[in-house]
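Chemist: Make a model of this:
(chains A and B)
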Amino acid sequence: MNHSPFSSASRRDFLYGLGTSLGSLAFSDLLAAEAPSPLSVKPPMHPSKAKAVIMLFMEGGPSHMDTFDPKPKLTELHKTESKLTAGLETGFKFYVGSPFGTRKVGNNGLDMSDQWQYLADPEVADELCNYRGCQAESLNHPEALFHMNTGSRLGSDPAVGSWATYGLGSVNQNLPGYVVMTELALPQGGSRNWSNGFLPAHYQGTTLRPQGSPILDLSSRSYKSREHQRRALDELQFLNQKHADANPQHADLAARMENYELAFRMQTEVPGVVDIEAEPQHIKDMYGLGKKETETFGRQCLMARRLVEKGVRFVQIFSGGWDSHDYLERGHSSRIRSVDQGMAALIKDLKRRGMLDETLVIWTGEFGRTPDNNKRGGVYSLGRGHNADAMTMLMAGGGIQPGIVGATDEVGGKAVECVHPIRDLHVTLLHQLGLDDNKLTYFHAGRYKQLSQFGGHVIPELIGGGSKAG
Amino acid sequence: MKRTSISALLLTAAISGLCPAEDYSEVDRLFTLKVGPLLAEKCNGCHGNDIEKVKGDFNMLTRDALLAGGETFGADVLVPGDAAKSFLIETVKWSDPDYEMPPKENDRLTPEQIATVESWINAGAPWPDAETQSAIRLAEAKRKVTEDGMIIETSGGLGDDWTYRRYRPEDIWAFLPVKKPEFPKSENQNPIDAFLGAKLAEVGMTAAPEADTRTLIRRATFDLTGLPPTPDEIADFQEEWERDKEAAWTMLIDRLLESPRYGERQAQHWFDVARYADTGGMSNDYERSNAWRYRDYVIRAFNEDKPYDRFTIEQLAGDELADASVAKRQGGDKDKVQAARLSGDYNEEESEWLIATGFLRMGAWDNAMVKEEEARQLYLDDVVNSVGQTFLATTMRCFKCHDHKFDPLPTRDYYRIYAAFAGTQMAERAVPFLEEENRAGFAEGKAHVERMLAFATAGKEALVEKRETAAKAWFAANDLPYLNEKDRRDLDDDKKPPRHVGLSITEQGQLKVREQDEWIWTRRLERYEPMIQSVYNGSRKGAGSARKLRIPEKPAPDHPIESTILTGGSLEAPGEPVTPGVLSMLGVPSPSGTEEDPYALPVSVEGRRLGLAQWIADARNPLTARSIVNRVWQQHFVRPIAGNPNNFGVKGQKPTHPELLDWIAADFVENGWTMKRLHRLIMTSEAYRRSGQHPEYTAVASEDPNNTLLSYFPARRLTAEELRDSLLSVTGELNTAAGGLPANPEINMEVALQPRMIQFSLAPAYQPDPTPEQRNRRTIYSYRVRGLADPFLELFNQPNPNDSCEARDSAAVSPQAFTLLNSDTITDRSIAFAVRLEEEGSGDPKGLIHRAFHLAFGRHPDPVETERLETYLHEMTEYHATSKPAEPVYPEQITRSLVEEFSGETFEYEEILPAFENYKADLKPAWVSAETRALADLCLLLFNSNEFVYLY
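Modeler: Next comes the predicted model:
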């Protein structure tokens, strides 16, 4: 970005000129209020349905047939030869019936495999939209992850969350606008999944780490007190102020000084948000805290609610282990148990607090799974391969119409109704946030870049327009 | 080339029976040449081409359809003769937020285009018949230059509209020949100042005065070496400057250019563009064990001032040079060339050429879960794009699927360049070590890898034995003869034990981890072998596996490689055949060009890349020289002359000083493509010595807010690498050893030990080198893992090596403050700095502060600073009298936890970290006195100050 070194210089110069007499805290507050930062709130382009997004990313590719899109036909075909050509598996392939039972839940008759307990609660289920028409394009994890997260398979473009914060800014200037929570192990492709790409660095996802310091090096060294830190910052401001006085031409200096003050405020604010001990016991129980299986994801869901409450624009949680090439029953059953309670609690909690209307919750993987499998180690392994032609996702809140949208074929090999590429999903997501993908652009490398790359379409069925399939 | 001859015919020969352009009415011409194509490009995608999918029931393919309107607007869409009443104009102006057409920012009409449509409507909106239109177009195509721009001859687009479209010369400036302009000469003036001065004079601005000597030496030293000057260097320079400033300045530049640190700094810039990393990225992030040899080649090339044309050719076709050289040595014996490829029997010069081809292996690439031919396409697309961006400032990706939207680059040319690489095969291959390659640490490194390998192998074997014992029991119980895992693989399920018999879920997971680790560490042993990551020529169609890429013993028969245009970029849609060739729009023939096809490259498997490389390095190629001099300019003035160094196309930013750019480019080529001379030319200009502070900066701010005229020197924040290297330099810890195996500095310990997913397992934990000397090398020597960035460097905008970086970002974000205040790295540096100050016997607090300022800023503190910091130091000494820093803990073993990806179950396993067994840590706060900790607090302030991190 080539911004003018003089942009908003005069206002800052004036303030910093007063800085020493006002006291550093006072002048930085003034600055926060007066000087537009790259994360200042920007009005939406059209009336928005959602103010924030919580994206629950199931890394590895959850199977649609074993979660929300049951295929009785597969049970009939179980272990018979498959001639399907999608996917990467080669050699002899056979159909795999779901190891799980299924039932209809709630007013909209959502299909859920019997592994889902908490999500099946009508209070939650009636808020859910199950979308079955999305198609990915890559069969490999990192490319597919990049595609779902950044709109490009290459792993160097800005993430959806970066675009959202770029478009709307963030309400709370003391917290990052775009927060990412992962398991201890990063997903494939790592931080490229929440990178700001070619957008300015202010819009990159900030990871809240699952253990240790929530943000790397957030707190000062244990032998240095908060007063010690404040004292150091005052001294630093003294040095920097002298330097700025001698270099009035250089506006970046002020921005960097401001950053130290923001960092200081974040040191208080972040631990406050992250410290969920303050939550009442029944809330903690609701999210499944204190149980080994549900603790990690439940904690992150609760954190997501707290962050959105505090004005964070976009929260993403990565939860891995869905890549069930083998041992599908064991694998999916354990993954479902680990996320079921947390996400159900999140939706309930948002709803009860009146936040669901303005918060779009989306649950998705990077692709779906195949109806068939090949032998592994010479054995009929009951699992599924990667499938870019069909997948399943859940959405709730943020103006999304509950119910089932789209359909896959009778074995779940391909999406056949309300079929849309990932870019249309992205365009829809931005649309709900009050952003128009075609106008939310950034000039880079010779053209106006946009999340959808070359444009896409809102999926009307998801937002209560058009006809629905089921 | 059929296409070329047709266009030549059209452009040069008179076509009988056609009327001259003047015979058609202005409005008919306006419609045919401007309005029609505009509708086709901007509207018909949604309003015409596909009758089924037409939007808003509004078809714009014919005049009648347009007049009829659509579902929302009827006849008022187009009112012939009255643009103001035509709603069409309203929509293209985006004046009604509900009807903004075309809806994409990228497609929006320019004011000139809108005016064109308006004048067409006002003239009655005529729509000449197809025959008339075609006649108008043909007549027009004969006129190479008109007021609408020029036609650029190319190998031809997929349609005539594209082939004969016109460009404004100022838009395609980069594709036109370099013309060395005359400059307003005056006595002894650097030509750069003549050009810059002329522009300043035009707007009546004056330049800032010369910067002070401290600023100048700091600027020059960072620019050329990426390091700060030492206090002694500053003092010497100031003394010499007093004697004879011009002599002092040229001596300084000469000294810096001769420093081995120069090549390290320049290589960093090169790698931003070429995307250096020690691993391959994507799913597996496999190590590229010998990438460091390419890294050192680049550093050597800069230090030796290898002419840029040679540098280009070696990186693109070094293997072909080596093959030719071997053939020559061996009397043209092809078998001997192949034998040398396998044995690595190369002389020094040939080896150097081969190492250079590491450039062709810099992209992130992995074939995991990708079909064979698609994996190869991914590689070739990446190489083609990288070559275009790096050497030609051309983003090749933009015409892979269609003719370029804005530039005279037909998709045919994309696939001609693609064909130039069609025989290029990736391989690790044997190349002897060179005398000058640093092989320090081989024995120690190898011992470490062998230890890790032994641990993995032992773990694997124990588990395999357990499984096979259970298998034996199963066979015995079923009265069947025992067969090992491989031999029983194809038996029916009831004739063999379950797959992981005898192993618990945890053990199954552990076995997979150990098997991966065994492979990872075996592969890492290749670091110590005389091998390189390189390419060879062959006609194989698939890409091979990223796990192991070798030259086959027996080369595949040298059958011709056939290439086609891939329609829409898809392997499934081969289009017209193409032969290898170079970009046609420059009009620069390839060395093997013919009259029939001036841009042809050899069709034999050998020689394609060399031909391409020679064409790129051709003195007549306007992109090559402009591109590199623009990048070097950017290194010195932050802002390049042409704003997008990776894209000189129509949509790239235009040069602020086109004549200056051309003059330097021409001068660069005329004088043997030497980089050091280019730095000298730039740095001996007055512009480079200007102060960063303009005496009338408010006036300058309004006149030239982006400082494009360079009336003052642009400040910049240090890059991530400069920042880390400066810290080490100021503390006296920097080990300036050059080259060799990747160094493993300490990185944030939480990140180092954090599990990192790879395809079937977790990557091994990051282990720093055991001694400070090994760790505290220059950053360019740090092990660069695509999947694991050093968080310190990443925060300070070290670019993602998956993508070419044309300009560093330097946005200030809060986590930078966290890392510069609180991290282990910065704490260790501040302690080291404090200890250095104390050991150098700087004495009382005043002396310490004085010396600290000299080392960090290169200046005296003023009395106010001294007094304040003295008080601070005193207070901190009191504070630390009772502060209790923790002892550091270094784990020698860690327990990892992983969700078994196939079963979804969590399992744990142990990993050893031998690096920490005899670990020599940097000095820690707990090990020094309260006084030292207090002094370290002061040092920390200096490291955080803007004066330290900005360069003026």
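Chemist: quick one: contacts for B:Leu820?
Modeler: Contacts for B:Leu820 (C-beta atoms under 8 Å, 6 or more residues apart in numbering or on different chains) come out as B:826, B:943-944. Backbone N, C-alpha and C define where each C-beta goes, glycine included.
Chemist: any idea which of the residues you listed is closest to chain A?
Modeler: Proximity of these to chain A (C-beta to the nearest C-beta) peaks at B:Asn944, which lies at 5.4 Å.
Chemist: what's the burial count for that closest one?
Modeler: 24 (other C-beta atoms under 10 Å in any protein chain shown).
Chemist: Could you give the backbone dihedrals for it?
Modeler: Note on B:Asn944: backbone dihedrals following degrees, to the nearest 10 are phi -80, psi -10.
Chemist: ditto for A:Asp437
Modeler: When read as degrees, to the nearest 10, the backbone of A:Asp437 gives phi -50, psi -40.
Chemist: Quick check: it touching A:Leu451?
Modeler: Yes - counting by C-beta atoms under 8 Å, A:Asp437 does reach A:Leu451; the two are 5.6 Å apart.
Chemist: Residues contacting stretch B:243-257, please?
Modeler: For stretch B:243-257, using C-beta under 8 Å, 6+ apart, the contacting residues are B:216-217, B:220-221, B:224-225, B:237, B:240-241, B:262, B:676, B:679-680, B:683-684, B:689.
Chemist: gap between A:Gly413 and chain B?
Modeler: According to C-beta to the nearest C-beta, to the nearest Å, A:Gly413 and chain B sit 18 Å apart.
Chemist: Quick check: residues of the stretch 251-400 of chain B near chain A?
Modeler: Contacts of the stretch 251-400 of chain B with chain A, taken as C-beta under 8 Å from any C-beta of the partner chain, map to B:281-283, B:364, B:368-371, B:395, B:398.
Chemist: change it to 6 Å
Modeler: Taking C-beta under 6 Å from any C-beta of the partner chain as the measure of proximity, the stretch 251-400 of chain B contacts chain A at B:282-283, B:369-370.
Chemist: repeat for the stretch 451-600 of chain B
Modeler: Residues of the stretch 451-600 of chain B lying near chain A (C-beta under 6 Å from any C-beta): B:489-490, B:493, B:499.
Chemist: how about a cut-off of 8 Å?
Modeler: So far as C-beta under 8 Å from any C-beta goes, the stretch 451-600 of chain B lies against chain A at B:485, B:488-491, B:493, B:496, B:498-499.
Chemist: ranking the residues you listed by neighbours, who comes first?
Modeler: B:Lys496 leads these on contacts (other C-beta under 10 Å) with 23 neighbours.
Chemist: all strands for the stretch 851-952 of chain B, in order.
Modeler: B:893-899, B:906-912, B:950-951 (DSSP state E, counting those that start in this stretch).
Chemist: thinking again about what came up before, common neighbours of A:Asp437 and A:Leu451, please.
Modeler: Joint contacts of A:Asp437 and A:Leu451 (C-beta under 8 Å, 6+ apart) are A:426-427, A:430.
Chemist: Could I get those in CSV, plus columns for distance to chain B and neighbour count?
Modeler: Below are the shared contacts of A:Asp437 and A:Leu451 laid out as CSV (distance: C-beta to the nearest C-beta, whole Å; neighbours: other C-beta atoms under 10 Å in any protein chain shown):
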residue, distance to chain B, neighbour count
A:His426, 15, 23
A:Val427, 11, 25
A:Leu430, 13, 30
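Chemist: could you redo those residues as a markdown table and give each row pLDDT?
Modeler: Shown next, in a markdown table, are these (pLDDT from 0 to 100):
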| residue | pLDDT |
| --- | --- |
| A:His426 | 98 |
| A:Val427 | 97 |
| A:Leu430 | 98 |
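Chemist: From those, which land in strands?
Modeler: With strands defined by DSSP state E, no entry of those lies inside them.
Chemist: what's the closest of the residues you listed to A:Arg226?
Modeler: A:Leu430 (40.1 Å; C-beta to C-beta).
Chemist: thought the closest one was touching A:Leu168?
Modeler: No - counting by C-beta under 8 Å, A:Leu430 does not reach A:Leu168; the two are 9.8 Å apart.
Chemist: Now the closest residue to A:Gly406 other than its chain neighbours, what are its backbone angles?
Modeler: For A:Gly406, ignoring the flanking residues on the chain, the nearest one in space by C-beta to C-beta, 6 or more residues apart in numbering or on different chains is A:Gly133 at 2.8 Å. Phi and psi for A:Gly133, reported as degrees, to the nearest 10, are phi -100, psi 0.
Chemist: Read off the pLDDT value for A:Gly133.
Modeler: We have a pLDDT of 97 for A:Gly133.
Chemist: Tell me which residue lies nearest the centroid of the chain.
Modeler: Went with chain A since none was named. Nearest to the mean C-alpha position of chain A, by C-alpha atoms, centre = their mean, lies A:Gln316 at 2.7 Å.
Chemist: that's the wrong chain, I meant chain B
Modeler: Most central in chain B (C-alpha atoms, centre = their mean) works out to B:Ser804, at 2.1 Å.
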